[in-house]
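Trainee: Task: produce atomic coordinates for the following.
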Amino acid sequence: MSHIKERRFRLGWLLLLPFFASALVGALLYRWLMTEGKRSTVLWEFLRNPQAHAEWTVRVGERCGSAPFLMPTSGLIGYLWGDSFRPGHRHQGIDIFGGGGLKQTPVVAAYAGYLSRQPNWKASLIIRIPEDPLQPARQIWMYYTHMADPEGTPFIEPHFPPGTSEVFVEAGTLLGFQGNYSGDPSNPTGIHLHFSIVLDDGQGHFRNELEFHNTLDPSPYLGLPLNAEQNAGEIPRCSIPSTAGP
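Mentor: Have a look, this model is predicted:
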């Protein structure tokens, strides 16, 4: 008799599994529509007419309140740290869309540090900060990418060529311009800057930026609500906050 009850119990759970799976999918879809989907709507509205939505933007070199970092470029902060574009993926940094063409929107050093560019980096560079301004006992890195055209022609300043190692730059130093390089000439990204803050591995090297857990929430460094889990609709900007939506 106990075997019959056990089989019925298992069968009941099997019948409920599709319900739970549907509920989970529904919850994930709802979250996407209310966060990343909402941000996408705002972004497309901005890109259609950037001049009409200048109040949504940040400005290169500005400092929000007492934040330690300067804004690395101008434009709409379209996607935040922790946004999810596909299951199992979380965005490692922020994406700032200038709203202009290729090689039009300047990119600067958000904080003083030592710039390096690996020999195979066409569109990327990284800056070592020996003392984290928020936690001086640790070293962190600022990573910049997409600074090239679809074919990989770089928009990084010529005095930072591939192979550059440990060149000191002051905060506000011009690094280059926004691009849309993705590694696939037939499928470029939108024109923007991807900016992230990367942890040190404890041996003086930066960790793999592609892994979300190797990056830091940039919110306290830039003085804006840039954590996707905590910002469901506010457009991040230094002036009076706005709710997301055209």
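Trainee: show me what contacts the closest residue to Pro106 other than its chain neighbours?
Mentor: Using Cβ to Cβ, 6 or more residues apart in numbering and skipping residues adjacent in sequence, the residue nearest Pro106 is Val60, 5.4 Å away. C-beta coordinates here come from the backbone N, C-alpha and C atoms, glycine included. Residues near Val60 by Cβ atoms under 8 Å, 6 or more residues apart in numbering: 70-74, 105-108.
Trainee: These: which two are farthest apart?
Mentor: Farthest pair in the contacts of Val60 (Cβ to Cβ) is Leu70 and Thr105. Separation: 14.9 Å.
Trainee: give me the number of residues near the residue nearest to Gly99 when sequence neighbours are not counted?
Mentor: Spatial nearest neighbour of Gly99, chain neighbours left out: Pro50 (3.0 Å); criterion: Cβ to Cβ, 6+ apart. By the criterion of other Cβ atoms under 10 Å, Pro50 has 17 neighbours.
Trainee: How much space separates Pro225 from Glu131?
Mentor: According to Cβ to Cβ, to the nearest Å, Pro225 and Glu131 sit 25 Å apart.
Trainee: Which one's more surrounded, these two?
Mentor: More neighbours surround Pro225 than the other of Pro225 and Glu131, with 18 against 12 (other Cβ under 10 Å).
Trainee: what about the more buried one, which SS state?
Mentor: Look at Pro225: counting by DSSP: H, G, I helix; E, B strand; the rest coil, its state is coil.
Trainee: Looks like it contacts Gly233 (just checking).
Mentor: No. In this structure Pro225 lies outside contact range of Gly233 using Cβ atoms under 8 Å: 10.0 Å.
Trainee: Straight-line length of stretch 153-172, end to end?
Mentor: Counting by Cα to Cα, to the nearest Å, you get 23 Å between the two ends of stretch 153-172.
Trainee: for stretch 71-79, same thing?
Mentor: End to end - Cα to Cα - stretch 71-79 spans 15 Å.
Trainee: so what's the residue nearest to Pro106 scoring on pLDDT?
Mentor: According to the prediction, Val60 has pLDDT 98.
Trainee: Any stretches of the protein with poor pLDDT?
Mentor: Residue ranges of the chain with pLDDT under 70: 1-36, 240-246.
Trainee: Strands of that one, start to end?
Mentor: Assignment of strands within the chain using DSSP state E yields the ranges 76-79, 94-97, 106-108, 113-116, 125-129, 140-145, 167-169, 174-177, 193-199, 215-216, 234-235, 242-243.
Trainee: For Gly183, which of those strands is the nearest?
Mentor: Across those, closest to Gly183 is strand 140-145 (Cβ to Cβ), at 10.3 Å.
Trainee: That closest one pairs with which strands, parallel or anti?
Mentor: Neighbouring strands of strand 140-145 in its sheet, by DSSP bridges, are strand 125-129 (antiparallel), strand 193-199 (antiparallel).
Trainee: which parts of the longest one are buried?
Mentor: For strand 193-199, a neighbour-count test (16 or more other Cβ atoms under 10 Å) marks 193-199 as buried.
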